[in-house]
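Need a 3D model of the following:
(chains A and B)
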There are 2 protein chains.
Amino acid sequence: MRVNRLRLDVAYDGTSFSGWAAQSGRRTVQGVIEAALETVLRLDSVRLTCAGRTDAGVHARGQVCHCDVPGEPDPLWLRRRLVGALPADVRVPTVAAAPDGFDARFSALWRRYSYGICDEPGSMDPLQRHRVLAWRRPLDVAEMNSACRQLLGEHDFAAYCRRRQGASTVRHLRRLSWTRLSDGMLEAQVVADAFCHSMVRALVGAAVAVGEGRLSSVVPLEVLNAGVRDPRITVVAPHGLTLEEVGYPAHD
Amino acid sequence: MRVNRLRLDVAYDGTSFSGWAAQSGRRTVQGVIEAALETVLRLDSVRLTCAGRTDAGVHARGQVCHCDVPGEPDPLWLRRRLVGALPADVRVPTVAAAPDGFDARFSALWRRYSYGICDEPGSMDPLQRHRVLAWRRPLDVAEMNSACRQLLGEHDFAAYCRRRQGASTVRHLRRLSWTRLSDGMLEAQVVADAFCHSMVRALVGAAVAVGEGRLSSVVPLEVLNAGVRDPRITVVAPHGLTLEEVGYPAHD
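Residues are numbered from 1 along each chain as shown, chains lettered A, B, ... in the order given. Next comes the predicted model:
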């Protein structure tokens, strides 16, 4: 039987997941969606490949993944069946036949993450507390943006990555900007071709150290150039981080 | 010792509370804040009066309450101490000395609530699921607004209230309007001088019945005029409801 590739767009509340990647004995997003697909499609095994393997506690509104399935299940039917087969903390808003040659991971041109911070913990909206980091000291957005702008472009981000043997840490950081929203919350938008492990959270850690005045706005670039992890820069908590969007080539 | 009145602005995630009003053996918003105030102020008993006694599961971003305390605790100091003394699902973003004659309940001129609905449950943002109602059928916003406009003004809302012996059910409904937000979600804004028990949720139930085409847009007004509860109109779930704001006279 012919095998067809499906593209699934996925959203999840990462709070109760041990991250994306399937691990035996752990509740993971990949594991939960694969199990739902196996049930609905009556298959022994479905394997998902995603654009961004998010860590435990990280959320997604625009995760993208693909899987290969025998036959040609109707995407609308499958989408409808998944609503009931999935728990409420993970949704699959779109199922579609993938374009020729599509690969959720390798076709992706860029990933966009957001990171939310409330720097006035007494004013944190309790309804947002699962996706926003509470920070005890007030943060200076202009200083944070000044520091972050210097990191844009293609660099070796080894100083901001958890190193994996043999893997490159060169990335193209296209955007890293902070905005104070109308409700007083701070939000970062971070875009790169791809991210190394814990890279967004280390970059946010650097920005926060500058924002609270602990580091000068030139230090994050100095750390980047030094090329080794710096103890002054902490990796912030995962629950402020959301994978918002993945970009692919337009198919014309 | 002179007793002073404090005004507290309060926000909470209603998910894990048995509503606002203190009940022995239940976790309530009033009970939790009173206990925190008693601890911080080293008082035997503090009693809070609020603008809107929300039901179990209902959230608030702009609840207002007052309490009378001996002495003159510094509002900024008290606000800061409450951050640590309160659980993460309730915040007190503002503490202030109340103006002369202020009463959180009786001085209030109006209350504004929002109600969130996702009428495409497969697309529900999992991060919003605790504060948005999932509805299985698509809703027609124009029809809902057409029905809701007819209910504006001062009327006896007995048909939309859980009756209490001897209490008036005449209310002035100033606003009841629906908007489809950019993320596809539906949001109602509902403003009245005050609301009877379960009134917002019954009005939303009427609007939803019209929106899905089960009732014509003239029925909610007919029900209002009949003056008795109608089995065609259900009271929707509490978790979509948020007390957003309470209006008071300007103090000049």
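
other SSEs contacting the helix or strand hosting residue A:200?
Using DSSP states H and E, residue A:200 sits in helix A:199-211. Secondary-structure packing of helix A:199-211 (3 or more CB pairs under 8 Å, 6 or more residues apart in numbering or on different chains; DSSP states H and E): strand A:110-118, helix A:141-149, strand A:170-180, strand A:186-192, helix A:219-226, strand A:241-247. In short, each C-beta sits where N, CA and C put it, glycine included.

For chain B, which of the ones you listed is the nearest?
Distance to chain B, taken as CB to the nearest CB, is lowest for strand A:241-247 among these, at 7.5 Å.

Quickly run through the sheet partners of the closest one, with directions.
With DSSP bridges as the test, strand A:241-247 is paired with strand A:59-70 (parallel), strand A:110-118 (antiparallel).

In TSV, list those along with mean pLDDT.
Formatted as TSV, the strands paired with strand A:241-247 follow (pLDDT from 0 to 100):
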stretch	mean pLDDT
strand A:59-70	97
strand A:110-118	98
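
in chain A, which ranges drop under the pLDDT threshold?
Within chain A, the segments meeting pLDDT under 70 span A:252.

if we go to 80?
Chain A contains residues with pLDDT under 80 at A:1, A:163-165, A:251-252.

what does it have sitting close to chain B?
A:11-13, A:59, A:61, A:79-80, A:82-83, A:88-93, A:121-127, A:129-131, A:242 (CB under 8 Å from any CB of the partner chain).

Please flag which of these sit within strands.
Using DSSP state E, the members of the residues of chain A next to chain B that fall in strands are A:11, A:12, A:59, A:61, A:90, A:91, A:92, A:93, A:242.

and those as TSV, adding distance to residue B:217 and neighbour count?
Listed next are those as TSV, based on distance: CB to CB, whole Å; neighbours: other CB atoms under 10 Å in any protein chain shown:
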residue	distance to residue B:217	neighbour count
A:11	33	23
A:12	37	28
A:59	38	29
A:61	34	21
A:90	36	21
A:91	31	26
A:92	34	24
A:93	30	19
A:242	38	26
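
and residue B:34, which of the helices and strands packed on helix A:199-211 is closest to it?
Residue B:34 sits nearest to strand A:110-118 of all the helices and strands packed on helix A:199-211, at 24.9 Å, using CB to CB.

next structured bit after that closest one?
Per DSSP H and E, the first helix or strand lying C-terminal to strand A:110-118 is strand A:133-134.

What about residue A:134, how many residues nearby?
For residue A:134, the count of nearby residues is 18 (other CB atoms under 10 Å in any protein chain shown).

whoops, I mixed them up, residue A:152
The number of residues packed near residue A:152 is 15, by other CB under 10 Å.

picking that back up, and the angle from the helix holding residue A:200 to helix A:141-149?
Comparing the axes of helix A:199-211 and helix A:141-149 via axes from the mean of the first three to the mean of the last three CA atoms, to 10 degrees yields an angle of 130 degrees.

Return the alpha-carbon coordinates of helix A:199-211 using CSV.
What follows is helix A:199-211, C-alpha atoms only, in CSV (Å, rounded to 0.1, in the frame of the first residue of the first chain):
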residue,chain,number,x,y,z
MET,A,199,19.6,28.4,23.5
VAL,A,200,16.5,30.6,23.7
ARG,A,201,16.4,30.2,27.5
ALA,A,202,20.1,31.1,27.8
LEU,A,203,19.6,34.2,25.5
VAL,A,204,16.7,35.2,27.7
GLY,A,205,18.8,34.7,30.8
ALA,A,206,21.4,37.0,29.4
ALA,A,207,18.8,39.7,28.5
VAL,A,208,17.3,39.5,32.0
ALA,A,209,20.7,39.9,33.6
VAL,A,210,21.1,43.1,31.5
GLY,A,211,17.6,44.3,32.1
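
For that helix, which residues meet the burial criterion?
Counting neighbours by 16 or more other CB atoms under 10 Å in any protein chain shown, one finds that the buried residues in helix A:199-211 are A:199-211.

which residues does residue A:85 contact?
Contact analysis of residue A:85 by CB atoms under 8 Å, 6 or more residues apart in numbering or on different chains lists A:36, A:39, A:40.

Would you mind measuring from it to residue B:174?
If you measure residue A:85 against residue B:174 using CB to CB, to the nearest Å, the figure is 43 Å.

cool, residue A:218 as well?
Residue A:218 sits at a distance of 54 Å from residue B:174 (criterion: CB to CB).

higher neighbour count, those two?
Each of residue A:218 and residue B:174 has its neighbours counted (other CB under 10 Å); residue B:174 has more, 16 against 12.

what sits against the more buried one?
Residue B:174 makes contact with B:110, B:152, B:191, B:192, B:193 under the criterion CB under 8 Å, 6+ apart.

returning to that earlier point: how about a markdown table for the strands paired with strand A:241-247, with distance to residue B:232 added?
Shown next, in a markdown table, are the strands paired with strand A:241-247 (distance: least, CB to CB, whole Å):
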| stretch | distance to residue B:232 |
| --- | --- |
| strand A:59-70 | 36 |
| strand A:110-118 | 42 |
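
Before I go, just wanted to say thanks for your time.
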